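In: sequence? don't have it. structure:
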């Protein structure tokens, strides 16, 4: 039996993403909603609610920037909220909604 990752472990894993290049998966479509957006993955058929417009903006900015840190700045996410948004991005990565990309590779 394997142990579930603790919230500390998840936060540490999310923090490692800060200086990596990521983008919305090609298999994902975003549908704008008043609360933010619905993200649907056509490959694994997962549906995810992005419950904040700022998170939607951040996900859309990912492919335009060399790393998550600069995407956070471009999406005007306050510094004191970066950790929470990193955890949200980590969850999106776990379900293949966003994918790591090679540095310098833009999908925009």
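Out: Structure's in. What do you need? As the structure is a computational prediction, the values presented were derived from the model and not from experiment.
In: after the helix-or-strand element of the chain with minimal mean pLDDT, which helix or strand is next?
Out: Across the helices and strands of the chain, mean pLDDT, DSSP states H and E gives its lowest value to helix 7-16, namely a mean of 70. Following helix 7-16 in sequence order, the next helix or strand is strand 22-24 (DSSP states H and E).
In: low-confidence ranges, the chain, go.
Out: Applying pLDDT under 70 to the chain picks out residues 1-11, 103-108.
In: hmm, 80 instead?
Out: 1-15, 103-108 (pLDDT under 80).
In: where do the helices of it begin and end?
Out: Taking DSSP state H as the test, the helices found in the chain are 7-16, 53-61, 68-74, 82-94.
In: give me the contacts around the second one.
Out: Residues lying outside helix 53-61 but in contact with it, judged by Cβ atoms under 8 Å, 6 or more residues apart in numbering, are 24, 30, 32, 35-37, 39, 50, 71-72, 74-77, 85, 88-89, 92, 97-98. Yep, even glycine has a C-beta here, placed from its N, CA and C like the rest.
In: 7 Å instead, please
Out: 24, 30, 36-37, 50, 71-72, 74-75, 77, 85, 88, 98 (Cβ atoms under 7 Å, 6 or more residues apart in numbering).
In: off-centre distance for that helix?
Out: Averaged C-alpha coordinates place helix 53-61 at 8 Å from its chain's average position (Cα atoms, centre = their mean, to the nearest Å).
In: tilt between that helix and helix 82-94?
Out: Using axes from the mean of the first three to the mean of the last three Cα atoms, to 10 degrees, the direction of helix 53-61 lies 60 degrees away from that of helix 82-94.
In: of the helices of the chain, which is nearest residue 43?
Out: helix 82-94 (14.2 Å; Cβ to Cβ).
In: residue nearest the middle of the protein, spatially speaking?
Out: Compute the mean C-alpha point of the chain, and by Cα atoms, centre = their mean the closest residue is residue 89, 3.0 Å away.
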